[in-house]
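>>> Quick one, what's the 3D model for this:
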Amino acid sequence: MRTIIAALILVLGLSACQKEQPLGSQDNPVKLYFTPSVDSETITSTSKEFIKFLEAETGLYFESGIPSNYVAVVEAFGSKRADIAVMNSFGYLLANQKYNAHARLRALRYGEDSYKGQIIAHVDSGVNELKDLQGKKFAFTDSSSTSGYMFPLKIIKDAGVELGNTTFAIKHDSVVTMIYQKQVDAGATYYSPPAEDGTIRDARARVKTQFPDVESKIKIIAITEPIPNDPFVFRDGLPEEIATKFIDALKKYIATPDGQQSFKNIYSVEGVVDTTDEAYDGLRQMIKAIDVNVEEQLKK
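Sure thing, here's the model as predicted:
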């Protein structure tokens, strides 16, 4: 019996010692979470090189994690299982509201730190402007999408339009396909401006291989106000020295060809810029305007 008690005391003592190790040490690494926006194997394989770079640059130890859903990323801040996370903008609002996590960096895509939503329609639908959507069949992506649901819904409501039958197609390319095949008259997807040579980069580009004439069949009716890109989020109470070392190392990594390709593979990110929590106030106001419960939407 004494042997068992002694063993338990030893185990508990070792555990306590591990917990007392400073954050960033081998026994207490900085925990970096990636939102599950693409398959976990892609994130895992790509993030390994990033972790190696971070450790070499900062002298700290890091550990990556990929929760099963967006809410799990948010809750990881509450339990301090996450120190830093790459999040979608919607999830960030909840992490900030519940646990005072703060955005310090924002992703760049196509040189922009924001993107937009768009409303598109088939050229044969009779829809030429927002008011023409009255009573029309319409496809959104999913109810937690800022560009494929919330921002487009706001401009539809602001126009005083009542849609006809609506459906959620889940993916942006599915919305485009439904419009192309005339299953619906119009829909909402993400918008990115064309490249310098005129090549489209909005959601229609995703189906151009399948439907080469998609540009002539589907037109843009309206574009939403800007939506801030995905933030890099830091938990409340994270030592500033660790946050600064991470930010400096990330900027250095993503400026290299290998680093830029790594983040393109995970999140289509080509760079980062500094940001603040205030940059997401417009998103907060939009959510309030259409009366959306952030936490409930993230659970779907």
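>>> what about Asp27, how many neighbours?
12 (other CB atoms under 10 Å). C-beta here means a position set from N, CA and C on the backbone, and glycine is covered the same way.
>>> Find the nearest non-adjacent residue to it, please.
Gln21 (4.3 Å; CB to CB, 6 or more residues apart in numbering).
>>> for Tyr92, same thing?
Tyr92's closest residue in space is Pro231 (CB to CB, 6+ apart), at 5.1 Å.
>>> before we move on, back to that, next one, pLDDT for the residue nearest to Asp27 please.
With respect to pLDDT, Gln21 scores 92.
>>> got it, and Lys300?
On the pLDDT scale, Lys300 is placed at 63.
>>> repeat for Asn69
Among the per-residue scores, Asn69 holds a pLDDT of 77.
>>> how far away is it from Met87?
In this view, Asn69 and Met87 are 12 Å apart by CB to CB, to the nearest Å.
>>> Could you tell me the end-to-end distance of stretch 78-92?
One end of stretch 78-92 sits 13 Å from the other (CA to CA, to the nearest Å).
>>> roughly how far is that stretch from the heart of the chain?
Using CA atoms, centre = their mean, to the nearest Å, the mean C-alpha position of stretch 78-92 is found 11 Å from that of the whole chain.
>>> quick check: mean pLDDT across it?
91.
>>> Quick check: buried residues in that stretch?
The neighbour-count check on stretch 78-92 (16 or more other CB atoms under 10 Å) flags Ala82, Asp83, Ile84, Ala85, Val86, Met87, Asn88, Ser89, Phe90, Gly91, Tyr92 as buried.
>>> do stretch 22-30 as well
Leu23, Gly24, Pro29, Val30.
>>> farthest pair in the residues you listed?
Across these, the longest distance by CB to CB is 8.1 Å; it joins Leu23 and Pro29.
>>> residue boundaries of the helices in the stretch 201-300 of the chain?
With DSSP state H, counting those that start in this stretch as the criterion, the stretch 201-300 of the chain has helices at 214-217, 240-254, 257-267, 281-289, 294-299.
>>> which residues does the nearest residue to Ala186 once chain neighbours are set aside contact?
Nearest non-adjacent residue to Ala186, counting by CB to CB, 6+ apart: Ala121, 3.8 Å away. Ala121 sits next to Val127, Asn128, Asp132, Leu133, Ile179, Asp185, Ala186, Gly187, Ile218, Lys219, Ile221 when contact means CB atoms under 8 Å, 6 or more residues apart in numbering.
>>> any idea how far Pro193 is from Ala121?
Distance from Ala121 to Pro193, counting by CB to CB: 19 Å.
>>> and if you look at Val184?
Per CB to CB, Val184 is found 25 Å from Pro193.
>>> the more surrounded of those two?
Taking other CB under 10 Å, Val184 and Pro193 do not tie; Val184 has more neighbours (24 against 14).
>>> wait, isn't the more buried one in contact with Leu133?
No. Applying CB atoms under 8 Å, one finds Val184 not in contact with Leu133, separated by 10.8 Å.
>>> if I look at those two, which residues touch both of them?
Counting by CB under 8 Å, 6+ apart, Val184 and Leu133 have no contacts in common.
>>> picking that back up, taking the buried residues of stretch 22-30 one by one, which sit in strands?
With strands identified by DSSP state E, the entries of the buried residues of stretch 22-30 that belong to them are Val30.
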